[in-house]
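> pasting the sequence and the predicted model now:
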Amino acid sequence: MSTATPEVAPCRRCASALEAEDLRCPICGLMTPPRAHGTVERETAKVVRCENCGASVEYSVEAKAPRCDYCGSVTRVETTVDPVEQAQAYLPFTVDPEAARAALMGFLGKGGFFRPSGLAREASVESMRPLWWPAWSFRAGVDVSWTADSDAGARRSDWAPHAGRTRFDFDDIIVPASRGLKVKECEALAPHYRRDTEEREPRGPEGANIERFEATRSGARRTVLETVERLSRERLQQGVIPGRRFRNVHVAVALSSLYTTRLALPVYVLAYRYRDKAYRVLVHGQEAGAVFGEAPISKWRVAAVVAGVLLLVLVALLATGVLGS
Amino acid sequence: MQEQSEETTSTITGPLLHLGCSNCGARLVVEPSMRTMRCPYCAAPSVLERPPVPGVPEPTFALGFTVTHVAAREHVAYWLKTRSRFTRTGIRTARPGEVRGVYVPAYLYSVLAHSRFRASIGENYQEQETYTTTENGKTVTRTRTVTRTEWRPLNGELSGYVADVLVTASTGLRNEELEALEPFDLRGLARYTPALISGWVAEEPSLTHEQCLELARKEAVERVGGKLAQFMPGDSHTDLEHQSRLEWEALDVCLLPVWVLAVRYAEDAPPLRVLVNGQTGEVVGKAPLSPWKVTAAVLALLLLVAVGYLLASGGGR
Ligand SMILES: [Zn+2]
Ligand SMILES: [Zn+2]
Ligand SMILES: [Zn+2]
């Protein structure tokens, strides 16, 4: 990854990347070494005499910080916070707004048979918002232990038990963190990004918004771990577990060298209106050919096809004499 | 006893008072202003000053109290009220007494466990079976579907981190009691600073590192066993055996927030010790049963059965 070099040494036990405030490794639980004073560590409360009035300071449960009995001033205690973090790397827009609009028109004009014929002409583009949507990208090595039942080696029962252990490497897997986009939309967009274009600052058309991360650090880690388990389960069923049918697939993962980057990925969100109904289309920010979205279907054309099919069936029945006799 | 101002480890706060309970063996550390005679654990008035024990490990982590002592007392009052009817008289109406917040030392253990397992996995299948039965006085042959189990051996491995194992390092709090108080939310973990425990009673680890390591290893292996039971394929399994190799062990002292209450429910009985998780409010205690009440209840039940039997056999005649 070109940007976002880790500032903190990785975990000594599992080599996963650590954040500055981590007291323990989130993957394996190993204690992180205390940092040298004056570096990243937040200001810690080392005062037991009140700085304000000099009285001895008491720890207040309500404030979770030492509170002075006499003057009420509070000194801060270092605790693990669960912060909401922002993107570390931005991918620039390489498709400009004109090209995005053209891509939408192409998408509407092309269509299939069921699209209304005048769609590209009649649709009015209501808005076009360039924005960066948030996602995590991770790479990790995973030691996967598994058990499952499959049809391979089955005797009297349809199922035979199997177990094994294997290693998977995950490289640059994108995990969506967007609230605005649907998971399906994110999954469609993700493969078209050019990861070698990462930059530290957003670069794109004027007025482009950044959707902020809303998950906390621990929430983010949970999502990444769930993705690792889901992907491992899928990969196991593609050639690792013997057989063709599976059930009871159990997976236990031990991650090593997990490294996560927070990404901001460019996309155009376009809204257009056709006959009083609003539709949304996404145009990829780095590849104008990647357009995903909804389009109306022509009720007339659908009705015509259905009527045509019915007619054909009727004719066929008459011809074979089923109805005639 | 010689006053020793020479500090061992946990000390930016000025001289701390080192106390010891001669009844339960708890080794406490408090600020001089909090000098006490009564042990927060066993409520015995046998706390004496002692010289600091050298080589006591300094805590690495601490979890702060988030349940106030008022809330802790309310949790206990509710807990007392909801005890069984067979507890000794006075328990359900007792008022919780003095509440003491204690930072209890525990060891936080994590490890990479490689396990090999062996088990018998049961895979079910259905079979048609013919059987004979008597219908209307005639013997007839019928068929039915039965589910049978085919047992297949399975060997395998399970590798993974076992993090967040907590074992007590205190003689005052038994490991069963700690287990009953768990879980603690370790996301709230803070790096230990003396300021954190200022104003509270903290206990020094009084169990040795080796004793705690042994407890922690045992718990980690038990957890692997529990995980393996969930990990087995098939419709059922039996004879699950496993052997674990533990790698990369880490053991850190962590102070846990516990409210300790002494509940006096009778003049003649020692006070009942009740513990409250200072983070979740979970209440742990062992309300003693009244032998009289239990005996009376058993007798009453026997009597009822006897009467019922007599009535039933009398009615049948
Ligand atoms: Zn680690
Ligand atoms: Zn003050
Ligand atoms: Zn005691």
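Now that the structure is in, tell me what you want to look at. Ligands and ions are numbered 1, 2, ... in the order given.

> going along the chain, name the helices of chain A.
Per DSSP state H, chain A carries helices over the ranges A:97-110, A:119-122, A:183-189, A:217-235, A:299-320.

> if you average pLDDT over each of those, which is lowest?
Taking the mean pLDDT of each of the helices of chain A, the lowest value is held by helix A:119-122, a mean of 74.

> of the helices of chain A, which is nearest ligand 2?
helix A:217-235 (33.8 Å; Cβ to the ion). Heads up, the C-betas are built off the backbone N, CA and C, glycines and all.

> how distant is the closest one from the center of its chain?
10 Å (Cα atoms, centre = their mean, to the nearest Å).

> buried ones in that helix?
The neighbour-count check on helix A:217-235 (16 or more other Cβ atoms under 10 Å in any protein chain shown) flags A:Arg217, A:Ala220, A:Arg221, A:Thr223, A:Val224, A:Leu225, A:Thr227, A:Val228, A:Leu231, A:Ser232, A:Arg233, A:Arg235 as buried.

> wait, which of those is closest to B:Ser313?
Nearest to B:Ser313 among the buried residues of helix A:217-235: A:Arg233, at 63.1 Å, using Cβ to Cβ.

> just checking, that closest one touches A:Val253?
No: the pair A:Arg233 and A:Val253 fails to qualify as a contact (Cβ atoms under 8 Å) at a distance of 9.7 Å.

> mind naming the longest helix for chain B?
helix B:291-316.

> for chain B, what's the nearest residue on the stretch 101-250 of chain A?
Proximity of the stretch 101-250 of chain A to chain B (Cβ to the nearest Cβ) peaks at A:Ala163, 2.8 Å away.

> and that residue, what does it touch?
Contact analysis of A:Ala163 by Cβ atoms under 8 Å, 6 or more residues apart in numbering or on different chains lists A:Ser145, A:Trp146, A:Thr147, A:Ala148, B:Leu154, B:Asn155, B:Gly156, B:Glu157, B:Pro233.

> in strands, which of those residues appear?
Among the contacts of A:Ala163, DSSP state E puts A:Ser145, A:Trp146, A:Thr147, A:Ala148, B:Leu154, B:Asn155, B:Gly156, B:Glu157 in strands.

> can you give me the strands in the stretch 151-300 of chain A?
Per DSSP state E, counting those that start in this stretch, the stretch 151-300 of chain A carries strands over the ranges A:160-176, A:209-210, A:246-274, A:277-284, A:291-293.

> among those strands, which gets the worst mean confidence?
If you rank these by mean pLDDT, strand A:209-210 sits at the bottom with a mean of 84.

> for that strand, packing partners?
Applying 3 or more Cβ pairs under 8 Å, 6 or more residues apart in numbering or on different chains; DSSP states H and E, we find strand A:209-210 packed against strand A:124-150.

> buried set for the strand it packs on?
Under 16+ other Cβ under 10 Å, the buried positions of strand A:124-150 are A:128, A:130-150.

> mind checking pLDDT for B:Gln2?
Here, the pLDDT recorded for B:Gln2 equals 40.

> turn the ones in strands among the contacts of A:Ala163 into a markdown table, columns for distance to ligand 1 and pLDDT.
Putting those into a markdown table (distance: Cβ to the ion, whole Å; pLDDT from 0 to 100) gives the following:
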| residue | distance to ligand 1 | pLDDT |
| --- | --- | --- |
| A:Ser145 | 18 | 96 |
| A:Trp146 | 22 | 97 |
| A:Thr147 | 25 | 96 |
| A:Ala148 | 28 | 96 |
| B:Leu154 | 30 | 96 |
| B:Asn155 | 29 | 95 |
| B:Gly156 | 25 | 95 |
| B:Glu157 | 20 | 95 |
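
> mind putting these into JSON lines with distance to A:Tyr90?
JSON lines is the format used below for those (distance: Cβ to Cβ, whole Å):
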{"residue": "A:Ser145", "distance to A:Tyr90": "38"}
{"residue": "A:Trp146", "distance to A:Tyr90": "38"}
{"residue": "A:Thr147", "distance to A:Tyr90": "42"}
{"residue": "A:Ala148", "distance to A:Tyr90": "41"}
{"residue": "B:Leu154", "distance to A:Tyr90": "49"}
{"residue": "B:Asn155", "distance to A:Tyr90": "50"}
{"residue": "B:Gly156", "distance to A:Tyr90": "45"}
{"residue": "B:Glu157", "distance to A:Tyr90": "42"}
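
> reformat these as TSV; add distance to ligand 2.
As requested, the ones in strands among the contacts of A:Ala163 are exported to TSV (distance: Cβ to the ion, whole Å):
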residue	distance to ligand 2
A:Ser145	56
A:Trp146	59
A:Thr147	61
A:Ala148	63
B:Leu154	66
B:Asn155	66
B:Gly156	62
B:Glu157	59
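
> ok, so of these, who is nearest B:Asn136?
Using Cβ to Cβ, these come closest to B:Asn136 at B:Leu154, 49.0 Å.

> tell me what the closest one is bridged to.
Per DSSP bridges, the residues bridged to B:Leu154 are B:Ala119.

> that one touches B:Glu123, doesn't it?
No: the criterion here is Cβ under 8 Å, and B:Leu154 misses it with B:Glu123 at 10.4 Å.
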